[in-house]
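Asker: return a 3D structure for these sequence lines:
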Amino acid sequence: MTRLNVLLLLALIASSLYLVKISYESRRLFTELDRAQALALQLQSEHERLQLEARSQATPLRVEKVAREKLAMRNASPAVTEYVDAPASAPGGGAR
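Answerer: I've put the predicted structure just below:
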C-alpha cells in the first residue's frame, strides 16, 4: 500500500508540474497573440494612412505642378511640336 501511495504522489506531483508548465505556456502564447494583433492593427492603420497620402500626392494638379517646377516641363503646343514624316518605303510607315 505504501508503494502505491508513493507512486500516486509522484504521479500527482508530475501532473501538477505539467499543468503549471502548460498554464504558463498558454499565458505566454496569449500575450504574444495579443501583441501580434496590436501590431497588425497598427500596421493596417499606417497602411491606410500611406494609401491616403499616396492618393493625395497623385492628384493631377499636383503632378502638373511638380512637372512644371521640378522637371521644367511645359504644355505641348503647335509652336513646340515637331512632326516627322515617315518614309513611304519604311515598313508600316506608308498610308493605308
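Asker: distance between the longest helix seen in the chain and the chain's centre?
Answerer: Longest helix in the chain, counting residues (DSSP state H): helix 2-57. In terms of C-alpha atoms, centre = their mean, to the nearest Å, the centre of helix 2-57 is found 24 Å from the chain centre.
Asker: and for A67, the neighbour number?
Answerer: Number of residues near A67 (other C-beta atoms under 10 Å) recorded here: 13. Bear in mind the C-beta positions are built from the backbone N, C-alpha and C, glycine included.
Asker: please apply the same query to L19.
Answerer: When neighbours are counted by other C-beta under 10 Å, L19 registers 10.
Asker: what's the answer for T31, then?
Answerer: 10.
Asker: so for the longest helix of the chain, what's the average pLDDT?
Answerer: Averaged across helix 2-57, pLDDT comes to 96.
Asker: by contact count, what packs against that helix?
Answerer: Where contact means 3 or more C-beta pairs under 8 Å, 6 or more residues apart in numbering; DSSP states H and E, helix 2-57 is not packed against any helix or strand.
Asker: tell me the first helix or strand C-terminal of it.
Answerer: helix 60-69 (DSSP states H and E).
Asker: centre of the chain versus that following helix, how much separation?
Answerer: Put simply, helix 60-69 sits 28 Å off its chain's centre (C-alpha atoms, centre = their mean).
Asker: which parts of that helix are buried?
Answerer: Within helix 60-69, no residue counts as buried by 16 or more other C-beta atoms under 10 Å.
Asker: quick check: mean pLDDT of that helix?
Answerer: 86.
Asker: what's the angle from that helix to helix 2-57?
Answerer: 70 degrees (axes from the mean of the first three to the mean of the last three C-alpha atoms, to 10 degrees).
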